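Asks: requesting a structural model of the entry that follows:
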Amino acid sequence: MVDAFVQEKVYKFLLVIMLSFIGIKLGQAGYWLPWSLDVALYVLIFYQLGIYFRKYKLLTMVKRCPMCYFLLSPIWAYMIYRGSMEIAVRNYGNYGLVVIGSVSGTLLLYKYADYIVKAFPITSTVLAFIGRITVIVLIIHTLAGGLIGNLVSNKFDSNYMPYMVLSITTQIMLSVIIKFLSDFVRLRIKGFRWPYDMRGMV
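Replies: Model prediction:
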């Protein structure tokens, strides 16, 4: 809608920021709109920044700049330490800090992903497979994340890193198992036999 009615770049960006703030205020005031439209307004800022980064080839610039590791890491770490955002409960934290920190984190992950692809092709293949099952991971996290967290908390304190690592790993492994089983059933129905070509899983 913004792209359709506003062509001037400056006005478009100002409108996106205004709509983003409106989304924040709606959520904070308790007006949680159907289909989370208030959240959709808020995240327009990230959507627009993504468009600019791609349009002006900023991703390529960041990828080719080794110093970005040292420039972006402290920003991301500071946001993690001081900032917080939980869209599900409309907790948006410090607006500027969250936006800058989120962008810094995204760019760092982009650089890490590029490095992994070049340096560890086998690892990149595994991560690509995991990326393809993100929908299953999301379903597992939504339906069973709390149960898994409770089970893990029996062994590890939920305030420390081992708890988070084990919880996330368990959810990913369950998703991988479900993916294998679903592909096995699907391919058996089509007349294939186990084992099957890994390309049939994607």
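Asks: in the chain, which segments are predicted with low confidence?
Replies: For the chain, the stretches with pLDDT under 70 are 1-4, 83-84, 190-202.
Asks: mind giving me the domain ranges of it?
Replies: Following automatic domain parsing, one finds the domains of the chain at 1-56, 62-119, 123-201.
Asks: just checking, what packs against the helix or strand encompassing I148?
Replies: Element membership for I148 (DSSP states H and E) is helix 134-153. If you count contacts as 3 or more Cβ pairs under 8 Å, 6 or more residues apart in numbering; DSSP states H and E, helix 134-153 packs onto helix 161-189. C-beta here means a position set from N, CA and C on the backbone, and glycine is covered the same way.
Asks: for the helix it packs on, buried residues please.
Replies: Under the neighbour-count criterion of 16 or more other Cβ atoms under 10 Å, helix 161-189 has 163, 166-167, 170-172, 174-176, 179, 183, 187 buried.
Asks: how about stretch 150-164?
Replies: Neighbour counts over stretch 150-164 (16+ other Cβ under 10 Å) mark 152, 163 as buried.
Asks: now stretch 30-40
Replies: 36, 38-39.
Asks: what about those residues, which are in helices?
Replies: Assignment to helices by DSSP state H places the following of the buried residues of stretch 30-40 there: 38-39.
Asks: nearest to M18 among the buried residues of stretch 30-40?
Replies: Minimum distance to M18 across the buried residues of stretch 30-40 is 14.0 Å, recorded for D38 (Cβ to Cβ).
Asks: grab the nearest non-local neighbour of the closest one.
Replies: L26 (4.0 Å; Cβ to Cβ, 6 or more residues apart in numbering).
Asks: same question for Y163.
Replies: F156 (4.1 Å).
Asks: isn't there a strand covering the one you found?
Replies: No - assigned with DSSP: H, G, I helix; E, B strand; the rest coil, F156 falls outside any strand and is coil.
Asks: give me the residues contacting stretch 155-163.
Replies: Contacts to stretch 155-163, defined as Cβ atoms under 8 Å, 6 or more residues apart in numbering, come from residues 149, 152-153, 166.
Asks: now these as TSV including distance to S104?
Replies: As requested, the contacts of stretch 155-163 are arranged in TSV below (distance: Cβ to Cβ, whole Å):
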residue	distance to S104
G149	28
V152	29
S153	31
L166	27
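Asks: so what does W32 have for phi and psi?
Replies: phi -90, psi 100 (degrees, to the nearest 10).
Asks: and the closest residue to Y42 other than its chain neighbours, how far is that from Q171?
Replies: Nearest residue to Y42 in three dimensions, chain neighbours excluded: G23, at 3.5 Å (Cβ to Cβ, 6+ apart). G23 sits 29 Å away from Q171, going by Cβ to Cβ, to the nearest Å.
Asks: and if you look at V165?
Replies: On the measure of Cβ to Cβ, V165 and Q171 end up 11 Å apart.
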